[in-house]
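Asks: got a structure for you, letters missing:
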């Protein structure tokens, strides 16, 4: 066609930010390299692959900053200030399905074990529900001793 311009097709993540401005990159406090929150992580092959990689990721500690309910399952997006064993700090985003009991126990400032992918560093983390408490305590002590010096 003459004079027509092809419109760039919006990605599902851009669409999610348009539908839910509270889940935009700016609102979540992450940079432009954050891929975004998937509208439905079970239907997104990228989200399924990312979640599988995160389950085997490296352990870190996350301090809960805030959370946003995505739906009434309840699926929530949790925002963490993450501190790693090597001293790296970043804003981490976890897309989780929680029970009502877990949801009612969320409190800002709460420290939780999380897993991340150090080779990707895209702000995604997941709750490390399977983490050994002794390993979590060792990591916590290591981070605390680094802050004291």
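Replies: Yes, it's here. Note that the structure is predicted; figures quoted are calculated from it, not measured.

Asks: What residues of the longest helix seen in the chain count as buried?
Replies: In terms of residue count, the longest helix belonging to the chain (DSSP state H) is helix 133-148. By neighbour count, with 16 or more other C-beta atoms under 10 Å as the criterion, the buried positions of helix 133-148 are 136, 139, 143. The C-beta positions use only the backbone N, C-alpha and C, and glycine is treated the same way.

Asks: Could you do stretch 122-134 as well?
Replies: Buried residues in stretch 122-134, counted by 16+ other C-beta under 10 Å: 122-128.

Asks: which residues does the closest residue to residue 136 other than its chain neighbours contact?
Replies: Take residue 136 and drop its neighbours on the chain: the residue closest to it by C-beta to C-beta, 6 or more residues apart in numbering is residue 113, 4.7 Å away. When the contact criterion is C-beta atoms under 8 Å, 6 or more residues apart in numbering, the partners of residue 113 are 59-62, 127-128, 131, 136, 139.

Asks: Look up how far residue 142 lies from residue 113.
Replies: For residue 113, the distance to residue 142 equals 13 Å [C-beta to C-beta, to the nearest Å].

Asks: all strands for the chain, in order.
Replies: In the chain, strands defined by DSSP state E lie at 58-71, 75-83, 89-97, 111-116, 125-127, listed in chain order.

Asks: Look up the closest residue to the residue nearest the centre of the chain, ignoring the ones flanking it.
Replies: The C-alpha lying nearest the average C-alpha coordinate of the chain belongs to residue 93 (C-alpha atoms, centre = their mean; 1.9 Å). Among residues not flanking residue 93 along the chain, residue 123 sits closest, at 5.2 Å (C-beta to C-beta, 6+ apart).

Asks: residues contacting that neighbour?
Replies: Contacts here follow C-beta under 8 Å, 6+ apart; on that basis residue 123 touches 30-31, 33-34, 90-93.

Asks: One more pass at 7 Å, please.
Replies: Contact partners of residue 123, counting by C-beta atoms under 7 Å, 6 or more residues apart in numbering, are 30, 34, 90-93.

Asks: hang on, the earlier thing: where does confidence bottom out across the buried residues of stretch 122-134?
Replies: By predicted confidence (pLDDT), the lowest-ranked of the buried residues of stretch 122-134 is residue 122, with 88.
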